[in-house]
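Asker: Fold the following and give me the result.
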Amino acid sequence: MSTTANASATKASGASLTPVFIRLKLSLLRNGLRQSSKRKAVWITSIVFTALYAALQLLGLIVLRGHPHVAALTVLLAVVLAVGWAFVPLFFPSGDETMDPTRLAMLPLRPGPLTVSLLAASLVGIGPAFTLVLAVGSVIATAHGGAAFAVGVPAVALTLLTCVALARAVATANVRLLSSRKGRDLALLSGLVIAVGIQVANYGLQKLSNAGGMARLEPFAKVLRWVPPGSAMDAVRSTGQGSYGLAAAQLALSAAVLALLLWWWQRGLTKVLTSPDSSTLAAAEPERKRVSTGLARLLPQGRTGAVMLRSLRYVLRDPKTRMTWTSQLVIGALVPFLNVARHNGNSYWAFMAVAMVGGQMYNLFGTDGSAFWLVMQTINGPRDAYLELRGRALAFALPAVPYLVLLVTALTAFTGHWDTLPEVLGLGLALLGAMFATGAVTSALLPYAVPQGNAFKNVGPGQTSIAWLGLLGGLLAASAQCVPLVLLTVWLHTSGHHGWLPLLLPLGFGYGLLAAWTGLRIAAPRLARRLPEVLAAVAKA
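Answerer: Residues are numbered from 1 along each chain as shown. This next block holds a predicted model:
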């Protein structure tokens, strides 16, 4: 008797919770828009652009109806949507206030009804509407016959619910991470993911636009049609072709994965709602002894090693510095490879990576901010300034030089032109050394602040022209320094002295070292004289 009563109470609470959470989601959205007119304008603009883009995608899928390979495209589209939904809470943890279930920990709610109610509330928003439009368009593009359209209804529902449940389960499993400093670090990487995604999508669209481009999706579709929610979407094609047993198996697989996701999500909710707060645990733990990483033992002694260690720790610990370095390294490698694959080019595309990595030297003191006064107190003349600049340059060179060597070698292996490896690597090292030289001078003459509070703003107020002047001027000066080596390379090619081309590797390495040393020597006395001006510039964040 009591078991029946408890079950009925649970069902009643689940039924009553769902409209409450839906109203809560709408109230959060409405109150958020009331905070500022700017936020309301951004939200309205995003709705308009999302609606237009969804309409174009729907129109495109309808136009592709009847294409022999459209089913491969819809399967891939469903899987890509699911992957996007899985990564959204990691990179945009504050985009939805209801993503954090710890706010409900003090309420007497059971995980089962709470899961159902949160799932229903998650269907309210721009993202679910966009996913629904693409899923409906995919069904229209692939369905042939009444039975296929009938199967399309549960296929669309399974696709949408799988995407939303996956996002919620991932967010719940990582809720402690997303509310911590590491979670904010992940949010800073969103720009990198978007940039890489744009490059990959651009490359993929160019390949698909060629003759027979969609046929290249078939090998991927053969695997992804058994990966939910792609399996649910492919059930529409199977039904249209009369394979009803295969369609039933694909729908059953998608339903099973959805049930597994809901179970994982409910288990995560139970853990979050019943486990103590991490801050309480951290306060209760005994103090641990700090373990040295041993990095200091590998660096030179004296001021140079100390400056290198401090700069490398900035890269490892400061979220903005780490995000900048990661984005430059990833995009600097991705763009050359995509251009080589697209245009059948050569490994000279690596110079783009050299420019991006070397450009980090053009504002050595910007991330210090007002703390630069501590560095200023330790510089008593050109000698100390030279050691400070040398330590920062070596800290940049420590990852940059191996990265350049690996990138040029990989590009050369990709193109198969091994004879160009010495000259490309030699010229790249020479350009990197020249950029280190001009970067040191620019950092002393044209410093600017790097705001830490804004993840997407890298220049202090009123200093944009200074940043562009330093970057463009430094790039031009570094390129001019490498003109003699470039002329030598051209002469060796045109005069037929190809046997001397391998000497460009050691020559370029030595040229880069000489250029960097000269630039540091020129910049040191200027930095020693302009310490107050540098502090005033970098403290404007």
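
Asker: CA atoms only for stretch 125-132 - export them in CSV, please.
Answerer: Extracted as CSV, the C-alpha positions of stretch 125-132 are listed here (Å, rounded to 0.1, in the frame of the first residue of the first chain):
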residue,chain,number,x,y,z
GLY,A,125,15.5,27.9,-26.4
ILE,A,126,17.1,28.9,-29.6
GLY,A,127,19.4,25.8,-29.8
PRO,A,128,16.7,23.2,-29.6
ALA,A,129,14.6,25.1,-32.2
PHE,A,130,17.6,25.2,-34.5
THR,A,131,18.2,21.5,-34.0
LEU,A,132,14.5,20.7,-34.6
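
Asker: quick one: buried residues of that stretch?
Answerer: Neighbour-count burial for stretch 125-132 flags 125, 127-128, 130-132 (criterion: 16 or more other C-beta atoms under 10 Å). Every C-beta, even on glycine, is put in place using the N, C-alpha and C of the backbone.

Asker: what's near enough to touch Q463?
Answerer: Contacts here follow C-beta atoms under 8 Å, 6 or more residues apart in numbering; on that basis Q463 touches 448-449, 537, 540.

Asker: So among those residues, where is pLDDT lowest?
Answerer: Among the contacts of Q463, K540 carries the weakest pLDDT, at 77.

Asker: Next up, the contacts around that one.
Answerer: If you count contacts by C-beta under 8 Å, 6+ apart, K540 has them with 448-449, 460-463.

Asker: Can you add secondary structure and distance to G137 and give those back as TSV?
Answerer: Below are the contacts of K540 laid out as TSV (DSSP: H, G, I helix; E, B strand; the rest coil; distance: C-beta to C-beta, whole Å):
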residue	secondary structure	distance to G137
Y448	coil	47
A449	coil	47
G460	coil	46
P461	coil	45
G462	coil	47
Q463	coil	47
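
Asker: Any of those buried? List them.
Answerer: Here, 16+ other C-beta under 10 Å leaves 448-449, 460, 463 buried among those.

Asker: which one among the residues you listed gets closest to F509?
Answerer: Y448 (31.4 Å; C-beta to C-beta).

Asker: does the closest one really touch N363, like I thought?
Answerer: Yes. Counting by C-beta atoms under 8 Å, Y448 touches N363, with 6.1 Å between them.

Asker: Give me the common contacts of the two.
Answerer: With contacts defined as C-beta under 8 Å, 6+ apart, the residues shared by Y448 and N363 are 467, 470.

Asker: Determine how far the lengthiest helix in the chain lies from the middle of the whole chain.
Answerer: In the chain, assigned by DSSP state H, the helix with the most residues is helix 382-415. Mean-position distance between helix 382-415 and its chain equals 23 Å (C-alpha atoms, centre = their mean, to the nearest Å).

Asker: switch to numbering from 439
Answerer: Yep, numbering from 439; the last one is helix 820-853 now.

Asker: Remind me what the helix or strand that it is followed by packs against, helices and strands.
Answerer: Downstream of helix 820-853, the next assigned helix or strand under DSSP states H and E is helix 859-883. Applying 3 or more C-beta pairs under 8 Å, 6 or more residues apart in numbering; DSSP states H and E, one finds that helix 859-883 contacts helix 788-796, helix 820-853, helix 902-919, helix 921-932, helix 942-967.

Asker: Please list all residues in contact with the closest residue to W856 other than its chain neighbours.
Answerer: Closest residue in space to W856, ignoring its immediate chain neighbours: T850 at 5.8 Å, by C-beta to C-beta, 6 or more residues apart in numbering. Contact analysis of T850 by C-beta under 8 Å, 6+ apart lists 785, 856, 858-859, 862.

Asker: Mind doing that once more with 7 Å?
Answerer: T850 makes contact with 785, 856, 858-859, according to C-beta atoms under 7 Å, 6 or more residues apart in numbering.

Asker: buried subset of those?
Answerer: Using 16+ other C-beta under 10 Å, the buried ones in these are 785, 858-859.

Asker: got a markdown table for those, with pLDDT and distance to D806 too?
Answerer: Converted to a markdown table, the buried ones among the contacts of T850 look like this (pLDDT from 0 to 100; distance: C-beta to C-beta, whole Å):
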| residue | pLDDT | distance to D806 |
| --- | --- | --- |
| S785 | 80 | 36 |
| T858 | 84 | 40 |
| L859 | 87 | 38 |
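
Asker: Return the member of these nearest to R503.
Answerer: S785 (43.5 Å).

Asker: Distance of the closest one relative to R606?
Answerer: Taking C-beta to C-beta, to the nearest Å as the measure, S785 falls 45 Å from R606.

Asker: How about the contacts made by S576?
Answerer: If you count contacts by C-beta under 7 Å, 6+ apart, then S576 has 499, 512, 515-516, 671 around it.

Asker: Check the offset of the helix or strand harbouring it from the chain's centre.
Answerer: Using DSSP H and E, S576 sits in helix 564-580. Here helix 564-580 is found 26 Å from its chain centre; the criterion is C-alpha atoms, centre = their mean.

Asker: Quick check: which element contains the closest residue to E826 other than its chain neighbours?
Answerer: Among residues not flanking E826 along the chain, V745 sits closest, at 5.8 Å (C-beta to C-beta, 6+ apart). Per DSSP H and E, V745 falls inside helix 741-755.

Asker: hey, where'd the helices end up in the stretch 539-688 of the chain?
Answerer: With helices called from DSSP state H, counting those that start in this stretch, the stretch 539-688 of the chain shows them at 549-560, 564-580, 584-611, 613-616, 619-626, 628-647, 656-662, 668-678, 682-712.

Asker: which one of the ones you listed has the most crowded surroundings?
Answerer: With neighbours taken as mean count of other C-beta atoms under 10 Å, the helices of the stretch 539-688 of the chain reach their highest mean count in helix 668-678, at a mean of 28.

Asker: Give me the residues contacting it.
Answerer: Outside helix 668-678, the residues that touch it by C-beta under 7 Å, 6+ apart are 509, 512-513, 516-517, 576-577, 580-583, 585-586, 589-590, 593, 596-597, 662-663, 684-685, 688-689, 691-692.

Asker: hmm, try it at 8 Å
Answerer: The contact list for helix 668-678 (C-beta under 8 Å, 6+ apart) reads 509, 512-517, 520, 573, 576-577, 580-583, 585-586, 588-590, 592-593, 596-597, 600, 659, 662-663, 682, 684-686, 688-689, 691-692.

Asker: Just the mean pLDDT for it, thanks.
Answerer: Mean pLDDT, computed over helix 668-678, is 91.
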